[in-house]
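J.: Provided below are the primary sequence and the corresponding predicted coordinates.
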Amino acid sequence: MSTNDTFLAVFLGGKNNPKMVEWNALPEAERNARQQQGIAAWKAWAEKHHAAIVEMGGPLGKTKKVDPKGVADISNLLSAFTVVRASSHEAAAKMFEGHPHFSIFPGEAIEIMPVLPIPGG
């Protein structure tokens, strides 16, 4: 994978986010309808950017943290990821403007960062 033009997009959304609380309070039929709308919009976004998508990624499950103390279950805001190629950091970020993650679904934000070469690699 080239690292000069490769970017990791991390989708963020917390369980206590007001948009998520509102989403979960919707009647099931309305929530399901919005979910179907969101899935269709996400697929349309992916089709529009298919040439730039290196790895579609997907939703992230429960998190385990490993540190010198051992392994622990934790919670964080990471909810999904995608890897894209773009001519610049700015161009990669612009690909995610208006993304269904937060325009339809109750996601909070998407953070985009360059994938850098391993030092000395």
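T.: Perfect, I can see it now.

J.: what about the strands in the chain?
T.: For the chain, the strands defined by DSSP state E cover 6-12, 53-59, 63-67, 70-74, 78-85, 109-114.

J.: please work out the average pLDDT along the last one.
T.: Strand 109-114 shows a mean pLDDT of 98.

J.: so what strands line up beside it?
T.: strand 6-12 (antiparallel) (DSSP bridges).

J.: contacts for the partner strand?
T.: When contacts are defined by C-beta atoms under 8 Å, 6 or more residues apart in numbering, strand 6-12 is touched by residues 54, 57, 77-86, 89, 92, 96, 101, 107-115. (Glycine included, C-beta is placed from N, CA and C.)

J.: identify each buried residue in that strand, please.
T.: Thr6, Phe7, Leu8, Ala9, Val10, Phe11, Leu12 (16 or more other C-beta atoms under 10 Å).
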